[in-house]
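Trainee: here are the coordinates; sequence isn't available:
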């Protein structure tokens, strides 16, 4: 399965954006974005409108 690097930021506090890079396995770039939305939303209690995804690129395979 392809590995994707998803980069962006999320609203950590009222006016502070926290950058992130997540590397996830997914069948498509769109599915990788959905996985990241779900993980950040669940872990940090951030709504989708508080998450900005800047890029989704193929990443090197995990070893």
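Mentor: On my side now, so go ahead. All figures in this text were calculated on a predicted structure; none of them were measured in a lab. Numbering: from 1, shown residues only.
Trainee: Any idea how far apart the tips of stretch 43-58 sit?
Mentor: 24 Å (C-alpha to C-alpha, to the nearest Å).
Trainee: For the remainder of this discussion, apply numbering that starts at 623.
Mentor: All right, first residue 623 from here; so that's stretch 665-680.
Trainee: Now do the spatially most central residue of the chain, the pLDDT please.
Mentor: Per C-alpha atoms, centre = their mean, the C-alpha nearest to the average position across the chain is that of residue 658, at 3.6 Å. pLDDT, residue 658: 97.
Trainee: Correct me if wrong: it contacts residue 676.
Mentor: No: Residue 658 is beyond contact range of residue 676, at 11.4 Å (criterion: C-beta atoms under 8 Å). Just so you know, the C-beta spots here come from the backbone N, C-alpha and C atoms, and that holds for glycine as well.
Trainee: now the helix or strand that contains residue 627, how far from the chain's geometric center?
Mentor: In this structure, residue 627 sits in strand 625-633 according to DSSP states H and E. The chain centre lies 3 Å from the centre of strand 625-633; the measure is C-alpha atoms, centre = their mean, to the nearest Å.
Trainee: can you count the residues close to residue 631?
Mentor: Using other C-beta atoms under 10 Å, residue 631 has 16 other residues around it.
Trainee: May I ask which helix or strand encompasses the residue nearest to the centre of the chain?
Mentor: Here residue 658 is assigned to helix 651-666, by DSSP H and E.
Trainee: tell me the angle that helix makes with strand 625-633.
Mentor: 40 degrees (axes from the mean of the first three to the mean of the last three C-alpha atoms, to 10 degrees).
Trainee: Relative to the strand holding residue 627, what are the paired strands and their orientations?
Mentor: strand 639-647 (antiparallel), strand 673-680 (antiparallel) (DSSP bridges).
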